[in-house]
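> okay, here's the prediction I keep looking at, along with the sequence it came from:
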Amino acid sequence: MDCALGRLYLCHWAPNAVVPECGPQQRTKVVCGAAAAPLTQSQRSLIQTAIQRSQGQQQGTNAQQQVSLQDAQLRTSMLQLQRLVAQTEGNAKLSRQQQQGSQVHHATARQSSSSAPAAALPGTFEEQQPKAAAADVQQQQQLLQQQILLRQLLQQQQVRQRRLQLQLRSEPAVLTSLVKRCHSWQHLQHLFNTYTQHFNAVHVSAALTHLAQIQGPISPLELDQQPNGLKQLMRELTSAAAACIPDYGARQLANTIWAISKLGCGSKVPRRLRNGYLTAFMQKLPGAAPQHISNVALAVGNMGWGTSTVWQQNLLQAAESKRQFFKPQELVSLLYALPLLNVQPAQPWLSTWLDACYSSLYHFNSQELAMLGVGLVRLKQQLSGQQLAEYLHAVQLQLDATVDIAQHSHGSRPSTRTAPSTGSSCSGGDAQQDLQQPTQESQQQQQPTVSQDSRLQRPHLAGFQAQGLVNILWALAVWGVKLEPSWQASSLACTKQMLGSCTAKGLSTLLWALTKLQVNLGSVSSCTGAIACCTM
């Protein structure tokens with residue numbers, strides 16, 4: 001009995017010791033025998049100690065198994081990779097040995113009889129097997145490495161995405177910055193689909209405005225020809241914008257309406273939503289900036305949205321109350337938009353507005369000079385006296401600049417011309433679109449002041465585009481202006497430069513205007529020939 005209990009004790013106390021194996025049946029036999037026979041005090045101590053050590057060993061084993069389970073998923077891939085590496089090295093070594101043996105075999109075979117090559121064929125087949133096995137192992141190794149790398153990248157991406165989502169909740173300006181960084185509609189679509197739940201009214205307006213800026217103007221006739229993904233993004237953003245109308249401020253409303261017009265989807269907006277946009281903006285007019293007023297007026301006019309008399313009166317009143325804060329481009333944009341809105345202001349309002357335009361006359365570029373002329377014709381207004389003389393002089397500066405730019409396009413920089421002391425410098429750069437691009441940042445309303453030094457500046461003139469030239473001559477022809485010889489010469493020289501850029505309709509209008517203005521076309525045979533060819 002003492003011997004059996006000693007073996008049971010040693011099995012639990014020294015499991016790594018070299019002792020005879022004590023199996024479960026033998027342990028049960030010892031315990032049962034101990035229960036049936038009287039035990040001494042030392043025997044009872046051995047049994048109690050063995051049981052305690054057995055329980056402690058079992059608890060330690062369970063804890064170790066828990067730790068192993070936690071690390072198993074992370075270590076499995078690495079262990080597989082190690083096995084594959086070892087297997088690959090072993091196969092490569094075996095392949096080298098077989099290749100060396102095959103070389104010796106072939107050398108011996110060449111010295112033997114002609115039947116030796118036939119016996120060598122099985123050896124050739126056998127040496128292909130380890131190569132194929134090594135290739136399979138190498139392919140499995142590469143796949144496993146790719147899986148491990150992809151898993152690591154996925155974990156890193158998930159961590160970054162969680163951090164960004166936490167940042168978007170606490171700092172909404174971060175999402176606005178991400179919208180502005182998008183360089184394509186695909187990038188913007190991915191951003192919108194990924195973080196839709198974080199977009200608020202400001203973000204939706206910014207996204208729609210940025211989409212209009214990066215896509216450029218889209219004609220309503222070209223809307224159906226756009227990619228399906230772009231049309232889907234337009235639908236999603238316009239739907240989100242419609243839901244945000246109650247939360248929009250004046251700036252967000254103006255930017256959204258401008259973007260809808262720029263993207264050519266104004267006709268797709270239901271009448272109920274049109275009224276919602278117009279009513280919301282009318283309520284925000286007291287806090288609207290001049291840029292917002294001119295942008296909305298021009299966008300609504302271009303889209304052909306019908307406006308009520310109350311809406312038109314509120315627009316004119318808001319514009320008049322903030323007239324001193326309007327920039328030159330905003331002045332002429334609103335004047336050009338009024339006939340598109342079927343608005344005929346009272347004569348006092350028009351006279352005051354024309355005075356403001358006249359004081360900013362030499363700030364206008366060629367596009368804005370053309371818009372001013374067309375707008376006045378449509379409003380059945382005509383410049384006269386000193387205002388007409390200054391307008392003609394400003395236009396002539398742009399005509400001469402057009403010729404200078406064409407002549408120096410492959411040479412030196414075109415010369416600049418000086419505006420008279422009654423005006424200030426014209427804005428440089430290319431002719432701008434009818435609609436201004438609204439800025440994302442808020443603008444401070446400051447009364448513009450023109451110093452005496454700025455009136456004497458020598459402006460850099462950008463010259464006319466083809467459509468601007470046609471519009472200018474058309475407006476002057478409608479007014480029945482009698483042009484001086486110098487002005488006629490400038491218009492003819494500019495016409496020769498613009499012939500290649502005019503459409504058939506533009507050439508027809510140009511011919512009518514020059515004839516109406518009694519400009520002698522006999523000295524410009526290329527002009528009459530081109531017009532005749534395009535109008536046939």
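Done, it's in. Here the structure is a predicted model, which means the values were calculated and not measured.
> pLDDT on the helix or strand containing Ser294, on average?
Element membership for Ser294 (DSSP states H and E) is helix 290-303. For helix 290-303, mean pLDDT is 95.
> who does it touch, helix- and strand-wise?
On a contact count with 3 or more C-beta pairs under 8 Å, 6 or more residues apart in numbering; DSSP states H and E, helix 290-303 meets helix 250-262, helix 309-321, helix 328-340. Backbone N, C-alpha and C define where each C-beta goes, glycine included.
> the helix or strand following the first one - contacts with which helices or strands?
Put plainly, it is helix 250-262. Note on helix 250-262: by DSSP H and E, the next helix or strand toward the C-terminus is helix 271-284. Packing contacts for helix 271-284, counted by 3+ C-beta pairs under 8 Å, 6+ apart, involve helix 250-262, helix 309-321.
> who's in contact with Ile472?
Listed by C-beta atoms under 8 Å, 6 or more residues apart in numbering, the contact set of Ile472 reads 369-370, 373, 395, 464.
> cutoff 10 Å now
When the contact criterion is C-beta atoms under 10 Å, 6 or more residues apart in numbering, the partners of Ile472 are 366, 369-374, 391-392, 395, 398-399, 464, 491, 494, 513.
> list the contacts for Ser267?
Counting by C-beta under 10 Å, 6+ apart, Ser267 touches 220, 223, 260, 303-305.
> need the max-distance pair from those.
Greatest spacing in these, by C-beta to C-beta: Leu223 and Trp305 (16.5 Å).
> of the two, give the one with the bigger neighbour count.
Between Leu223 and Trp305, Trp305 has the larger neighbour count (other C-beta atoms under 10 Å), namely 21 against 17.
> I'd like the distance between the closest residue to that one other than its chain neighbours and Leu149.
Once flanking residues are discounted, Trp305 sits nearest to Arg274: 5.0 Å by C-beta to C-beta, 6 or more residues apart in numbering. Arg274 sits 53 Å away from Leu149, going by C-beta to C-beta, to the nearest Å.
> wait, doesn't Met371 sit right on Leu338?
No - using C-beta atoms under 10 Å, Met371 is not in contact with Leu338; the gap is 11.5 Å.
> joint contacts of the two?
What both Met371 and Leu338 touch, as defined by C-beta under 10 Å, 6+ apart, is the set Leu298.
> quick one, grab the pLDDT at the spatially closest residue to Glu222 that is not a sequence neighbour.
Once flanking residues are discounted, Glu222 sits nearest to Gly264: 6.8 Å by C-beta to C-beta, 6+ apart. pLDDT, Gly264: 92.
> again with the one 5 residues further on
Per-residue confidence at Val269 stands at 92 (pLDDT).
> again, but for Gly229
Looking at Gly229, the pLDDT reads 93.
> same check on Ala118?
45.
> do the one 10 residues further on as well
According to the per-residue confidence, Gln128 scores 61 in pLDDT.
> same check, this time on Ala50
So, for Ala50, pLDDT stands at 59.
> continuing past the worst-scoring helix or strand of the chain on mean pLDDT, what's the next helix or strand?
Lowest on mean pLDDT, DSSP states H and E among the helices and strands of the chain sits helix 452-455, with a mean of 37. Later in the chain than helix 452-455, the nearest helix or strand by DSSP H and E is helix 466-479.
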